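Visitor: Here's my sequence, what's the structure:
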Amino acid sequence: MNIKIADLMVKNVVTTQPHKSIGHVKEMMTNNNISCVPVVNTDNEPVGIVTSNDFRLSPGDSSPVSTLLSGHVYTVPAYNDISVAAKVMRKHHFHHLIVTHEKEIVGIISSFDLLVLLDDHKFVMKNPPTPSKKSKKKRH
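Guide: As a prediction, the model looks like this:
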């Protein structure tokens, strides 16, 4: 498979800053019909990501969005193969990753974006499973 993350990612990324309120971020997500927003510092570098699922744990709409952020941000370079994004998502149990190019946010890739490969039949299993020897035994 020779598909790059840049081929599947969403390119128009809406971001927010840590001091913005949870209510403000909810409104941004609703207005833009999106389910996640990267949180960036003053240098526009990612410091976290907030998903609609995070609002279940929200202390209140007036609290800063920084209260929802975890300690580590996982990013993937746009030029990497999509298998890299899939491995990071699977290993860390994430559904969204921030895509970067030279530390700048250039996109978002989600587990749903990866499903496009299956839906478009672009994914082919390298070593499909073969029937086991036990299942080949004849029954009398």
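Visitor: can you give me the strands for this protein?
Guide: For the chain, the strands defined by DSSP state E occupy 36-40, 46-51, 75-77, 96-101, 104-110.
Visitor: any chance of the ones you listed in a markdown table, with mean neighbour count, distance to residue 83 and mean pLDDT too?
Guide: C-beta: built from backbone N, CA, C; applies to glycine. A markdown table is the format used below for the strands of the chain (neighbours: other Cβ atoms under 10 Å; distance: least, Cβ to Cβ, whole Å; pLDDT from 0 to 100):
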| stretch | mean neighbour count | distance to residue 83 | mean pLDDT |
| --- | --- | --- | --- |
| strand 36-40 | 23 | 21 | 93 |
| strand 46-51 | 20 | 21 | 91 |
| strand 75-77 | 18 | 11 | 93 |
| strand 96-101 | 22 | 13 | 93 |
| strand 104-110 | 19 | 12 | 93 |
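Visitor: Now for residue 72, how many residues are close by?
Guide: Each residue near residue 72 was counted by other Cβ atoms under 10 Å, and the total is 7.
Visitor: before we move on, the earlier item: looking at the strands of the chain, spot the one closest to residue 87.
Guide: strand 75-77 (9.5 Å; Cβ to Cβ).
Visitor: Name every strand pairing with that closest one and say which way it goes.
Guide: strand 96-101 (parallel) (DSSP bridges).
Visitor: tilt between the partner strand and strand 104-110?
Guide: Compare the direction of strand 96-101 with that of strand 104-110 by axes from the mean of the first three to the mean of the last three Cα atoms, to 10 degrees and you get 150 degrees.
Visitor: what angle separates strand 96-101 from strand 46-51?
Guide: Using the same axes, to 10 degrees, strand 96-101 lies at 150 degrees relative to strand 46-51.
Visitor: check contacts around the spatially most central residue of the chain.
Guide: Compute the mean C-alpha point of the chain, and by Cα atoms, centre = their mean the closest residue is residue 96, 1.4 Å away. By Cβ atoms under 8 Å, 6 or more residues apart in numbering, the contact set of residue 96 is 35, 36, 49, 51, 108, 109, 110, 111.
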